[in-house]
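Q: Below is the structure, and that's it, no one-letter string:
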């Protein structure tokens, strides 16, 4: 230990010896009756003040000896006892942490309180007790002075874990060992491990109750972060914003904690979208606008992401961006929630930087993207790659850097970033490039046909070739003259015949008027133009067609849509927003069993619904697994009773009822206020 510290300890011992001598003299004085009378005549208020002074002295001594109160142990109020990822003793943090009232630790208040206690009159018994307590305190101070002070390890300026968690628990409580096929919570069947760390693992699983794919995070229940993960998952589930991947369940079961979320099988994350190169300006604008609006809305409700990476931003087939892992990803990795708004804003700036340049804005390579050179400093995207949109480049630099180039003002909150995007001129989608058509070669349609193998005449050397264009032009003029004469002859003949028929029909007694003459405007009626009575076609099976979602909808009630009973119904999943904001649509696929001619489809809905009638296009091998764009639209109607009558019967095996707009459930019903479709009856006619 340093010599200065020893000197402080020796001085305290000398002062203690002087105090002992003074206290012994005071005891001798109290032997006579004068001191006793003074102590006996003390008022109750003075004894109360004396008791308060003793309590203050105890606190002052604890502060002077460096000991924390037994109830605190150097841990903040919102953390469990003993949590410290740095591995240092928990008591060492009290020297630098503020007191409970927010002020820094100081010995000055203790000195003032000791002075007030010394001036209060004490009895001989109390002075002896104080002397014994002082000896014990000095011995404890000397023992602590002889021990070397524990050094706190340096803090990472950008920590990747919560420094308040212990570093030993992840080693003793690793990620729970599970295998494909294991059943979690008597409901979720694990299929494929997506990622695994020392503390948790992530799986693709199947919800056997609802028959849909889900994502599952697994962690040991005894881990220090388990409670934070559960709290983060529950708060994320209450967010209820469709722009975020929804948390479906968060449970602690025995020694296991698991969090269940939506699974979007047809969505692509931003890292995959950037695999082939940077985004076009319109697509990058749509990405940053949608992500910023969602994150700003979450912050207004007290939520933050804290780990927004290209792997967390997903784009669906309809072009909508959804954000995965809000609050939960940070809790799983123990990231601190310090300066959450700046952290999320900087992360959005990094996403836009990567989308514009196809480079990660830091020296390290991350998310399959190459980092920037270490000596390049803070540069805007348009200085990294040529042709970058100027407005988006400036926006990325202002959100990403604390000191943007060109002395621009930094953007530090998602709300401010959303306002800046709204003030930008809207970047429109480029017009699709039309295919280039070449003009066909011009042919002389007036030329007479030539012989199959014309004799080639080779001119002798020195003689000019014979002109051949003049005979062709003369032949063309002759042909045109013949055509004109023929046309006039036919026209005059037709006029003459018509005139003779008109005169003959006007003569009295003529029977020509009674006989209808054929007209050039009459057409022979087709077989389908005759009266046709539609014949019902039995539907073999009703299938939920939901390629834009994460699984079938209303599987248990599908037969009710084709049972011919309007009192039963097939119900889709409920949504917080109508189509197409949530997604493009969902559908009911009717399987007729074999290809049959279809001329009419009749539907009955429980609430007003907009639906399209579609059939599989050419080349669709398996319609139940096809995409909505693989079907041909035959009609679109809205209401509660809808009928599609086709001009010509169409031969098909599958008929798709594609729902594009839903209505809110009325008040007083189940899931009131939610958007759903209720199909009471679906009939197909041939």
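A: Alright, I've got the coordinates. These figures come from a predicted structure and were not determined experimentally. Numbers count the residues shown, from 1 in each chain.

Q: Tell me the pLDDT of residue 538.
A: Residue 538 carries a pLDDT value of 88.

Q: so what's it up against?
A: 592-593 (CB atoms under 8 Å, 6 or more residues apart in numbering). No exception for glycine: its C-beta is placed from N, CA and C like everyone else's.

Q: try 10 Å
A: Each residue near residue 538 by CB atoms under 10 Å, 6 or more residues apart in numbering is listed here: 562, 592-593, 596, 683-684.

Q: of the residues you listed, closest to residue 556?
A: Within those, the smallest distance to residue 556 is 14.3 Å, found for residue 562 (CB to CB).

Q: Is that closest one in contact with residue 539, as I believe?
A: Yes. Under the criterion of CB atoms under 10 Å, residue 562 makes contact with residue 539 at 4.5 Å.

Q: Please identify every residue contacting each of the two.
A: With CB under 10 Å, 6+ apart as the test, residue 562 and residue 539 both reach 590-591, 682-684.

Q: Just the ones of those in helices?
A: Within the shared contacts of residue 562 and residue 539, no residue falls in helices by DSSP state H.

Q: Most neighbours among these, please name it.
A: Neighbour counts for the shared contacts of residue 562 and residue 539 (other CB atoms under 10 Å) peak at residue 590, which has 25 neighbours.

Q: Now do the buried residues in stretch 556-563.
A: 557-558, 560-562 (16 or more other CB atoms under 10 Å).

Q: Tabulate these (JSON lines), appending secondary structure.
A: Putting those into JSON lines (DSSP: H, G, I helix; E, B strand; the rest coil) gives the following:
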{"residue": "557", "secondary structure": "helix"}
{"residue": "558", "secondary structure": "helix"}
{"residue": "560", "secondary structure": "helix"}
{"residue": "561", "secondary structure": "helix"}
{"residue": "562", "secondary structure": "coil"}
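
Q: Which one of the residues you listed is nearest to residue 361?
A: residue 558 (49.5 Å).

Q: what's the pLDDT at the closest one?
A: 88.

Q: follow-up on the earlier one: strands - which of the contacts of residue 538 land there?
A: Of the positions in the contacts of residue 538, 592-593, 596, 683-684 sit in strands, assigned by DSSP state E.

Q: For this protein, just list every one of the helices.
A: For the chain, the helices defined by DSSP H occupy 3-29, 33-40, 44-65, 108-118, 124-146, 169-172, 226-237, 270-273, 281-300, 328-333, 340-357, 390-400, 414-423, 469-506.

Q: before we move on, the earlier item: just the closest of the buried residues of stretch 556-563 to residue 544, please.
A: residue 558 (6.2 Å).

Q: Can you verify my assumption that that closest one contacts residue 568?
A: No. Between residue 558 and residue 568 there is no contact under CB under 10 Å: 11.0 Å.

Q: ok so, going back, what would the contacts of residue 538 look like in CSV with pLDDT and distance to residue 394?
A: Formatted as CSV, the contacts of residue 538 follow (pLDDT from 0 to 100; distance: CB to CB, whole Å):
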residue, pLDDT, distance to residue 394
562, 88, 58
592, 89, 58
593, 87, 61
596, 89, 61
683, 91, 59
684, 91, 57
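
Q: For residue 245, state which of those is nearest.
A: For these, the nearest to residue 245 is residue 562 (33.5 Å; CB to CB).

Q: That closest one and residue 205, how far apart?
A: 32 Å (CB to CB, to the nearest Å).

Q: hmm, back to that, among the contacts of residue 538, which one lies nearest to residue 486?
A: For the contacts of residue 538, the nearest to residue 486 is residue 596 (52.0 Å; CB to CB).

Q: Which strand residues bridge that closest one?
A: Per DSSP bridges, the residues bridged to residue 596 are residue 652.

Q: contacting residues around the nearest residue to residue 673 once chain neighbours are set aside?
A: Leaving aside its sequence neighbours, residue 673 sits nearest to residue 664 (CB to CB, 6 or more residues apart in numbering; 5.8 Å). The contact partners of residue 664, by CB under 10 Å, 6+ apart, come to 574-575, 578, 607-608, 671-676.

Q: Now which of the residues you listed would you call buried?
A: Using 16+ other CB under 10 Å as the burial test, these include 574-575, 675-676 as buried.

Q: Just flag the most distant two among the residues you listed.
A: Farthest-apart pair in the buried ones among the contacts of residue 664 is 575 and 676; separation 7.3 Å (CB to CB).

Q: Report the two of the ones in strands among the contacts of residue 538 separated the most.
A: Farthest pair in the ones in strands among the contacts of residue 538 (CB to CB) is 593 and 683. Separation: 15.2 Å.

Q: overlap in contacts of residue 558 and residue 568?
A: The contact sets of residue 558 and residue 568 overlap at residue 679 (CB under 10 Å, 6+ apart).

Q: low-confidence ranges in the protein?
A: Scanning the chain for pLDDT under 70 picks out 1-172, 431-478, 500-532.

Q: 80 instead?
A: Residue ranges of the chain with pLDDT under 80: 1-173, 430-485, 488, 490-494, 496-534, 549-551, 577-583, 619, 668, 670-671.
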